[in-house]
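> structure, please.
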Amino acid sequence: MKNFEKIPTVFTVLFLFVTGFVFAQDKAISYNQLPQSAKTFLGSNFKGAKPSYIIEDREIYGIDEYKVQLSNGMKVEFDSKGNWKKVDGHNQKIPYVFIPTSIKNYSTKSFPNTFIKKIEKKRWSYEIELSNGIDLEFDRKGNFTKIDD
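Numbering: from 1, shown residues only. Next comes the predicted model:
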């Protein structure tokens with residue numbers, strides 16, 4: 001009899017799990033629907049590159065992130081408030097304007113014949129990928145922590 005008492009709980013959890021997939025959907029949006037901070041970031045750092053498409057990633061609880069593919073091949077991801085999370089140059093040099101100075105200085109000095117082609121801002125750190133394939137990690141203040149394998 002105890003096993004039958006758990007059935008409503010199992011069905012409730014299963015229902016929430018399934019409805020999460022149904023309502024969590026990506027959808028294409030226009031440039032005007034981006035948060036203002038994302039539009040400002042794109043305008044300041046990617047002059048001349050127009051968005052090819054913009055995807056709004058929705059979860060049950062609301063908007064999770066925005067993904068912007070630019071006409072120059074670069075991709076930028078923003079959080080729900082329009083703050084940049086990741087910039088992927090797809091083997092191109094990304095603009096250095098928004099990258100913390102200590103990260104720019106370290107990568108330029110330590111790896112002089114390379115450029116940053118990808119950067120990701122995480123909760124407590126930054127990860128960058130250089131043009132020679134080396135991945136570097138930095139703490140939130142931009143101090144070098146390690147070379148990532």
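> lowest confidence element among the helices and strands of this protein?
One helix or strand of the chain scores below all others by mean pLDDT, DSSP states H and E: helix 7-23, with a mean of 47.
> buried stuff in the helix or strand following that helix?
Using DSSP states H and E, the next helix or strand after helix 7-23 towards the C-terminus is strand 26-29. Residues of strand 26-29 classed as buried by neighbour count (16 or more other C-beta atoms under 10 Å): Ile29. The C-beta positions use only the backbone N, C-alpha and C, and glycine is treated the same way.
> who are the packing partners of strand 26-29?
Identification of packing neighbours for strand 26-29 by 3 or more C-beta pairs under 8 Å, 6 or more residues apart in numbering; DSSP states H and E yields strand 51-59.
> may I have the strands that pair with the strand it packs on, each with its orientation?
Each strand paired with strand 51-59, and its direction, by DSSP bridges: strand 26-29 (antiparallel), strand 62-70 (antiparallel).
> which residues touch that strand?
Here strand 51-59 makes contact (C-beta atoms under 8 Å, 6 or more residues apart in numbering) with 20, 23-31, 33-34, 42, 63-71.
> how about stretch 77-91?
The set of residues external to stretch 77-91 that reach it, using C-beta under 8 Å, 6+ apart, is 34-39, 41, 62-68, 73-76, 94, 98, 116-121, 131.
> which ones among those residues are found in strands?
Mapping the contacts of stretch 77-91 onto strands (DSSP state E) picks out 62-68, 75-76, 116-121.
> tell me where the model's unsure across this structure.
When residues are selected by pLDDT under 70, those of the chain lie in 1-24, 149.
> many thanks, have a good one.
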